[in-house]
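Enquirer: here are the coordinates; sequence isn't available:
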């Protein structure tokens with residue numbers, strides 16, 4: 001999903017590897033999936049999933065993907081879309 005400024009917020013979040021090899025981010029991806037599940041199944045009402053430059057605020061059925069450097073730079077997508085993207089990204093990394 002490309003934002004108004006031509007930025008793909010989801011891509012920025014998923015590829016925010018902190019300078020590590022992508023395969024080394026699988027644990028972080030799993031943590032994101034765990035936090036999504038906690039929100040979806042009401043174990044918590046809100047959760048944060050943060051990396052080096054990008055983060056996601058998870059609540060209800062929505063995920064707000066945002067820059068850690070600009071509070072006004074964000075996009076809201078469904079939590080299900082984020083979950084699906086993380087699963088697919090993790091599969092891509094593990095197969096590559």
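Expert: Received, thanks. As the structure is a prediction and not an experimental result, all values here were calculated from the model.

Enquirer: relative to the whole chain's centre, how far out is the helix ranked longest in the chain?
Expert: Ordering each helix of the chain by length in residues (DSSP state H) puts helix 79-95 first. Computed by C-alpha atoms, centre = their mean, to the nearest Å, the chain-centroid distance of helix 79-95 equals 9 Å.

Enquirer: go on, stretch 47-56?
Expert: Taking the mean C-alpha point of stretch 47-56 and that of its whole chain, the gap between them comes to 7 Å (C-alpha atoms, centre = their mean).

Enquirer: show me what counts as buried in that stretch.
Expert: Taking 16 or more other C-beta atoms under 10 Å as the basis for neighbour counts, the residues of stretch 47-56 that come out buried are 47, 49, 51, 54, 55, 56. Every residue, glycine included, has its C-beta placed from N, CA and C.

Enquirer: Provide the secondary structure category for the last one.
Expert: Following DSSP: H, G, I helix; E, B strand; the rest coil, the label given to residue 56 is strand.

Enquirer: so what's it up against?
Expert: Taking C-beta atoms under 8 Å, 6 or more residues apart in numbering as the contact definition, residue 56 lies against 13, 32, 48, 49, 50, 63, 64, 65, 66, 82.

Enquirer: picking that back up, now do the longest helix of the chain, average pLDDT.
Expert: The average of the pLDDT scores along helix 79-95 is 97.
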